[in-house]
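Participant: I would like the atomic coordinates for the input below:
(one chain, ligands or ions: 2)
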Amino acid sequence: MEKMFSLEGKVALITGAVYGIGFAIAKAFAAAGAKIIYNANTKEALEMGAQNYKEAGIDADSYFCDVTDEEGVKAMVADIEKKYGTVDILVNNAGIIRRTPMTEMDVKDFRLVVDIDLVAPFIVSKAVIPGMIKKGHGKIINICSMMSELGRETVSAYAAAKGGLKMLTRNICSEYGEANIQCNGIGPGYIATPQTAPLREIQPDGSRHPFDQFIIAKTPAGRWGTPEDLMGPAVFLASDASNFVNGHVLYVDGGILAYIGKQPQ
Ligand code: NAP
Ligand code: GCO
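Facilitator: Ligands and ions are numbered 1, 2, ... in the order given. Sure thing, here's the model as predicted:
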């Protein structure tokens with residue numbers, strides 16, 4: 001069993017894994033034996049990453065690279081392959097959100113979200129797949145969202161991108177399953193990270209943010225998720241334990257998608 005879930009000797013590239021969900025996944029992969037490589041697109045983020053990995057006792061390598069820059073991504077992957085060998089596991093984690101009502105949203109912002117959350121996973125996957133084909137095996141995990149299935153006010157670009165990412169996941173599976181590449185998604189529920197901090201801000205009167213209360217009520221588990229909740233599912237999808245799981249999105253949401261919600265009192 002241990003061998004089945006082991007990532008010993010594997011090279012894992014996790015985009016934007018400085019903190020939050022990506023960092024938790026990196027910690028899990030490192031504990032399972034993988035070499036961790038991550039990228040960030042600012043000097044400050046790289047410095048924060050260096051500190052976080054040092055504190056966690058993980059000997060990770062990092063790259064200054066914007067995931068939307070195809071030439072930069074190609075150069076990063078070529079360098080990783082030269083230094084460490086084929087990228088065995090790719091996690092497309094880097095992402096952003098903009099919360100603006102659609103009719104007030106500038107098309108530039110819509111494009112930016114789609115560029116980082118959907119086009120970038122295409123760019124990075126495209127860069128690693130040839131190496132995986134040559135090696136005869138590879139794992140790609142796309143970090144999807146509740147918004148791969150559901151909509152809500154203000155997140156049109158994010159929902160469009162994450163819905164698209166679910167279909168990119170299925171398409172990579174369809175196109176490269178024959179090459180023994182498994183491409184799956186993880187759809188985190190509402191996870192307490194900097195991305196969702198504005199939704200959890202304590203109100204001036206000391207009460208919890210209405211959205212925070214709404215999420216607790218909408219989640220059968222009765223709580224926000226933590227980045228650590230994603231560790232086990234990510235190791236499963238990165239390891240041999242999931243070699244016949246392909247094109248699937250594993251929702252790790254405390255039950256949100258199964259639940260219609262509480263009736264009003
Ligand atoms: P986060 O805390 O905002 O982390 C996202 C990371 O991506 C940040 O380190 C960010 O760097 C990096 N990034 C953004 N644009 C980049 C670019 N162009 N190139 C390289 N790196 C870039 O988010 P998180 O909550 O951990 O989310 C990680 C992933 O899970 C995202 O794809 C997100 O959409 C998804 N997700 C989150 C939740 C949730 O509830 N938190 C739920 C479902 C899915 P900077 O800090 O420098 O901007
Ligand atoms: C929002 C949130 C979400 C989550 C997550 C849900 O404003 O609704 O930020 O979109 O971050 O992706 O799975």
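
Participant: for stretch 144-154, what is the average pLDDT?
Facilitator: If you average the pLDDT over stretch 144-154, you get 98.

Participant: other residues contacting that stretch?
Facilitator: Contact with stretch 144-154 is made by 99-102, 155, 158-159, 162-163, 165-166, 169, 185-190, 249, 251, 253, 256-257, as judged by C-beta atoms under 8 Å, 6 or more residues apart in numbering. Just so you know, the C-beta spots here come from the backbone N, C-alpha and C atoms, and that holds for glycine as well.

Participant: show me which of these neighbour ligand 2.
Facilitator: The subset of the contacts of stretch 144-154 within reach of ligand 2, by C-beta under 6 Å from any ligand atom, is 99, 155, 158, 188-190.

Participant: can you list those residues in JSON lines and add neighbour count and secondary structure?
Facilitator: Formatted as JSON lines, these follow (neighbours: other C-beta atoms under 10 Å; DSSP: H, G, I helix; E, B strand; the rest coil):
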{"residue": "99", "neighbour count": "14", "secondary structure": "coil"}
{"residue": "155", "neighbour count": "23", "secondary structure": "coil"}
{"residue": "158", "neighbour count": "24", "secondary structure": "helix"}
{"residue": "188", "neighbour count": "22", "secondary structure": "strand"}
{"residue": "189", "neighbour count": "22", "secondary structure": "coil"}
{"residue": "190", "neighbour count": "23", "secondary structure": "coil"}
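
Participant: and of those, the nearest to residue 198?
Facilitator: Closest approach to residue 198 among those (C-beta to C-beta): residue 99, at 7.6 Å.

Participant: who in the chain is up against ligand 2?
Facilitator: 97, 99, 145-147, 152, 155, 158, 188-190, 195-196.

Participant: of the residues you listed, which are in range of ligand 1?
Facilitator: Of the residues in the residues of the chain next to ligand 2, proximity to ligand 1 by C-beta under 6 Å from any ligand atom holds for 145, 188, 190, 195-196.

Participant: out of those residues, who's nearest residue 2?
Facilitator: Of all these, residue 2 sits closest to residue 188, with 26.0 Å by C-beta to C-beta.

Participant: which ones are touching that closest one?
Facilitator: Shown in contact with residue 188 (C-beta under 8 Å, 6+ apart): 21, 143-146, 225, 229-230, 252-253.

Participant: narrow the residues you listed to those in helices?
Facilitator: residue 21 (DSSP state H).

Participant: would CSV of the contacts of residue 188 with neighbour count and distance to residue 218 be doable?
Facilitator: Conversion of the contacts of residue 188 to CSV gives the following (neighbours: other C-beta atoms under 10 Å; distance: C-beta to C-beta, whole Å):
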residue, neighbour count, distance to residue 218
21, 28, 20
143, 26, 21
144, 28, 18
145, 28, 15
146, 21, 10
225, 22, 12
229, 20, 16
230, 25, 19
252, 19, 15
253, 23, 10
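
Participant: excluding chain neighbours, what is closest to residue 254?
Facilitator: In space, and not counting its chain neighbours, residue 254 is closest to residue 221: 3.1 Å by C-beta to C-beta, 6 or more residues apart in numbering.

Participant: now do the SS call for that neighbour.
Facilitator: coil (DSSP: H, G, I helix; E, B strand; the rest coil).

Participant: what is the neighbour count of it?
Facilitator: 14 (other C-beta atoms under 10 Å).

Participant: same check on residue 160?
Facilitator: By other C-beta under 10 Å, the residues close to residue 160 number 17.

Participant: do residue 141 as well
Facilitator: By other C-beta under 10 Å, 27 other residues sit near residue 141.

Participant: quick check, it in a strand?
Facilitator: Yes. Under three-state DSSP, residue 141 sits within a strand.
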